[in-house]
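> Need a 3D model of the sequence below.
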Amino acid sequence: MHVESGSRYFLHSPNTSWSSNGGSGQRSVTLIEDKSDPDSMWLVKEADGMDACAIGAPINCGDQIRLEHINGQQNLHSHHFQSPLSKQQEISLFGTEGKGDDSDDWTVICDKRYWQRNEPIRLLHSQTGRFLGATRSKKFDQSNCGMGCPIQGHLEAFGLRAYANDKRSEFKVTHGLYVQAP
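Presented below is the predicted three-dimensional model:
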C-alpha cells in the first residue's frame, strides 16, 4: 500500500500497455484503491541471476529483489522511458513467465534489519537509481487519459528522484500470503 496516498492505493498492473508512441509498449503498472483486485498481487523473489530465495527466509534491508506480478508472470521493471503524467521514469512489467533481466532488480530500503509487514519501505531501482513512487496529484482521468480510459482513477506509478522522508516513495505490505521461516 502506498503511504502518501493515505494508504488507500495498492501497486497494480492492469491488462493494458503503455503507448508505444513515446512509451515502451510494455504492460503498465499503476496504483488502485481496490486491494482485493487479483491484479494487485505480487511475488517477492531473488534478483536477476541470483540463487532462488529460501521459502520463508527474511528479506534484509539492502537486499536486491524482484517483484513478479502474479497474473502477468512478468517482473516490475523500469528503464529510461518517460512516464506519461509526471514525466519522470516509466514503470512497467517485463519478461516472460517470471524471467526478465537486471532492469527488474530493486533494492529494499528500510529502517529495520528486515523488511517487515506494515513497516514502510522504499524500492530503489538498481539500474537507474530511481525510487518506485506515486502521488495523488498524478491520477489518470478523462482529461489526461481520454473517454473510456481503462486506467481512469488509477494513480501513475513512476521512478522518481526521491529525498529522505519523501512519502511519495514509501510503501507498506499489508495483505497477502506470508510464509514464516521454520
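> Next, the buried residues of the strand ranked longest in the chain.
Assignment by DSSP state E gives strand 74-82 as the longest strand of the chain. Buried positions in strand 74-82, judged by neighbour count with 16 or more other Cβ atoms under 10 Å: Gln74, Asn75, Leu76, His77, Ser78, His79, Phe81. Every residue, glycine included, has its C-beta placed from N, CA and C.
> Check stretch 139-153 too.
Neighbour-count burial for stretch 139-153, with 16+ other Cβ under 10 Å as criterion, is recorded at Lys139, Phe140, Cys145, Ile151.
> Nearest residue to the first one in space, ignoring adjacent ones along the chain?
When you say that, I think you mean Lys139. For Lys139, ignoring the flanking residues on the chain, the nearest one in space by Cβ to Cβ, 6 or more residues apart in numbering is Leu155 at 5.4 Å.
> How about the third one?
Using Cβ to Cβ, 6+ apart and skipping residues adjacent in sequence, the residue nearest Cys145 is Gln152, 5.8 Å away.
> Report the distance from the one helix or strand Leu123 maps to to the chain centre.
For Leu123, the element it lies in under DSSP states H and E is strand 122-125. A distance of 9 Å separates the C-alpha centroid of strand 122-125 from that of its chain, computed with Cα atoms, centre = their mean, to the nearest Å.
> now swap in stretch 5-24 and tell me
That offset, for stretch 5-24, works out to 9 Å (Cα atoms, centre = their mean).
> Equivalent analysis for stretch 119-130, please.
Averaging C-alpha coordinates over stretch 119-130 and over its chain gives two centres that are 9 Å apart (Cα atoms, centre = their mean).
> And stretch 116-128, by the same measure?
For stretch 116-128, the distance between its averaged C-alpha position and the chain's averaged C-alpha position is 9 Å (Cα atoms, centre = their mean).
> mean confidence score for stretch 50-58?
Stretch 50-58 shows a mean pLDDT of 87.
> For it, buried residues please.
Going by neighbour count (16+ other Cβ under 10 Å), the buried part of stretch 50-58 is Cys53.
> Could you pull out the strands in this structure for me?
Chain-ordered strands for the chain, with DSSP E as the definition, fall at 10-12, 30-32, 42-46, 64-69, 74-82, 89-94, 106-109, 122-125, 131-133, 155-156, 158-160.
> gap between the residue nearest to Lys139 and Glu97?
According to Cβ to Cβ, to the nearest Å, Leu155 stands 28 Å off from Glu97.
> Of the two, give the one with the bigger neighbour count.
Here Leu155 and Glu97 are compared on neighbour count by other Cβ atoms under 10 Å; more neighbours surround Leu155, at 27 against 8.
> Tell me the spacing between that one and Pro38.
The gap separating Leu155 from Pro38 is 19 Å, by Cβ to Cβ.
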